[in-house]
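Visitor: Return a 3D structure for these sequence lines:
(one chain, ligands or ions: 2)
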Amino acid sequence: MPVIAEFVLSAASASQFPGDHLPEIALVGRSNVGKSSLINSLLGMPKLARTSNTPGRTQTLNFYRIWPNGRPNFGDPKAPAGAGDRFTLRGAALDAARSAGAFYFVDMPGYGFARVSESQRRAWQKLIEQYLLTRESLKAVIQIVDLRHPPSKDDVAMWEWLSYHDRNRLCLATKADKVPRTQRPAHLRQIAQDLRLPEAPLLYSAEESTGHDSLWSWVLATVAGQ
Ligand code: GTP
Ligand code: MG
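Guide: Numbers count the residues shown, from 1 in each chain. Ligands and ions are numbered 1, 2, ... in the order given. So this is what the prediction gives:
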């Protein structure tokens, strides 16, 4: 059965997060680094998450429900009784989703985008911090950095913050296609050194297949709680 991915909701506040508490994997990283593109490329659905050349595209926490082995037939997902609504699966639908290994990718607004107002920045920061610190269904955070450049100050601060709060985390270096093959190991070493990683970040490209299989295996193992 093919993977099925569906956009579920955009949350601008914690009260809007989905209530079914399927496992969640969040993506964080500098604005324009390629968070939304990673979701699309990994799932082979180019139009699922909106991407853009303009930094600051993603402005809310966007929840995508992923069915790794297709969606079981549990009737109309919008039916009010039992199945719940599109936002919150309930009853038999939730049981079916759990046993099918369904989970959420959570696409986040990026950090480090200068043209965001101070009050907007504070609002996002509060929402993101609250989500990353308190969300019980959050299984892991994927921090994405750009393979072409050493990590920014914000990248380092985010990684240290996740480490301090002991969040299960994976560092991933994307846009690999933009760096010649021979130079990639040195770039990976630089990132590992600056972020004080125990091992090299996972190498990824949204344009090529680099890293897709490794990331998908990691995601499936992580949501299964291994
Ligand atoms: P915000 O939502 O603004 O935080 O950005 P984002 O991190 O979601 O970035 P997005 O996925 O929108 O990608 C930003 C730009 O980088 C787009 O023009 C993408 O096409 C490009 N891009 C993303 N990943 C890759 C990649 O692996 N290789 C190349 N060559 N370009 C990429
Ligand atoms: Mg985005």
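
Visitor: Skipping adjacent residues, who's closest to the residue positioned nearest the centre of the chain in space?
Guide: Residue closest to the mean C-alpha point of the chain, counted by C-alpha atoms, centre = their mean, is L27 at 2.7 Å. The spatially closest residue to L27, leaving aside those adjacent along the chain, is K35, at 4.4 Å (C-beta to C-beta, 6 or more residues apart in numbering). Every C-beta, even on glycine, is put in place using the N, C-alpha and C of the backbone.

Visitor: Low-confidence bits of this protein, can you list those?
Guide: Along the chain, segments meeting pLDDT under 70 span 1, 74-86, 114, 226.

Visitor: Apply 50 and report the result again.
Guide: Along the chain, segments meeting pLDDT under 50 span 79-82.

Visitor: Report all helices and strands that the helix of greatest length in the chain contacts.
Guide: Counting by DSSP state H, the longest helix found in the chain is helix 118-134. Counting contacts by 3 or more C-beta pairs under 8 Å, 6 or more residues apart in numbering; DSSP states H and E, helix 118-134 packs against strand 24-29, strand 61-67, strand 138-146.

Visitor: Please name the strands paired to the shortest one in the sheet, noting orientation.
Guide: Pointing back at strand 24-29 there. strand 103-107 (parallel), strand 138-146 (parallel) (DSSP bridges).

Visitor: Check which residues of the helix or strand that the last one is followed by are buried.
Guide: Using DSSP states H and E, the helix or strand that follows strand 138-146 in sequence is helix 153-164. By neighbour count with 16 or more other C-beta atoms under 10 Å, helix 153-164 contains the buried residues 155, 158-159, 162.

Visitor: Helix 153-164 packs against which elements?
Guide: strand 24-29, strand 138-146, strand 169-174, helix 184-195.

Visitor: do that again at 7 Å, thanks
Guide: Secondary-structure packing of helix 153-164 (3 or more C-beta pairs under 7 Å, 6 or more residues apart in numbering; DSSP states H and E): strand 138-146, helix 184-195.

Visitor: would JSON lines of the ones you listed with mean neighbour count and distance to H21 be doable?
Guide: Shown next, in JSON lines, are the helices and strands packed on helix 153-164 (neighbours: other C-beta atoms under 10 Å; distance: least, C-beta to C-beta, whole Å):
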{"stretch": "strand 138-146", "mean neighbour count": "22", "distance to H21": "10"}
{"stretch": "helix 184-195", "mean neighbour count": "16", "distance to H21": "30"}
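
Visitor: I'd like those written out as CSV, with distance to L220 added.
Guide: As requested, the helices and strands packed on helix 153-164 are exported to CSV (distance: least, C-beta to C-beta, whole Å):
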stretch, distance to L220
strand 138-146, 11
helix 184-195, 23
